[in-house]
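1. Take a look and give me a structure for this.
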Amino acid sequence: MFNKQEQKVAEELSNSSNIIGKGTIVEGNLETFGNLRIEGKVMGNIKTKSKAAFGSSSQVEGSVLAQNAEVAGHISGTLEVTEVLVLKPTAIIDGDIITNKLIVESGATFNGSCKMGVKSKEIKIGKADGEEKPLLKAQS
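-> You can find the predicted model right below:
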């Protein structure tokens, strides 16, 4: 499926980490192969092939697609997680949740529908020749 060079590049990309600090405001879409931690405000869609962590001060206005996610902040939009989603006590979700597994801690709230046990889908990052080409595929 992948040759050794592609596997090495994909592994290096998925080991990277990105942080949007408290007090930072980002307007636009974020896409990454690596882990992502949000403490500030993002007005746009977020997509990662790894874990997304949203701190208690985070605010997101847009959809989120991640392999795994932990939410302690406020998300306004669809939240789609291919593996495990954890909602911490301070989490507020205003939108639909689509995930394989869900953990809701006491105090977390969400307003929207929830679909669980959904088969994981391929998360595609970046475009080449007008077509998205995945480097990694989420496992079922």
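
2. What are the buried residues along stretch 35-49?
-> Neighbour counts over stretch 35-49 (16 or more other Cβ atoms under 10 Å) mark 35-42, 45-49 as buried. Where C-beta positions appear, they are placed from N, C-alpha and C, glycine not excepted.

3. residue contacts, the residue minimising distance to the centre of the chain?
-> Compute the mean C-alpha point of the chain, and by Cα atoms, centre = their mean the closest residue is A66, 2.9 Å away. Applying Cβ atoms under 8 Å, 6 or more residues apart in numbering to A66 gives the contacts L36, I46, K47, T48, S50, K51, A52, E80, V81, T82, I123.

4. Likewise for G44?
-> V26, E27, G28, N29, L30, E61, G62.

5. Now that we have the residues you listed, can you turn them into JSON lines and tack on neighbour count?
-> Putting these into JSON lines (neighbours: other Cβ atoms under 10 Å) gives the following:
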{"residue": "V26", "neighbour count": "15"}
{"residue": "E27", "neighbour count": "9"}
{"residue": "G28", "neighbour count": "9"}
{"residue": "N29", "neighbour count": "13"}
{"residue": "L30", "neighbour count": "19"}
{"residue": "E61", "neighbour count": "16"}
{"residue": "G62", "neighbour count": "17"}
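
6. In a markdown table, list those along with distance to E105.
-> Putting the contacts of G44 into a markdown table (distance: Cβ to Cβ, whole Å) gives the following:
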| residue | distance to E105 |
| --- | --- |
| V26 | 27 |
| E27 | 30 |
| G28 | 31 |
| N29 | 29 |
| L30 | 25 |
| E61 | 23 |
| G62 | 24 |
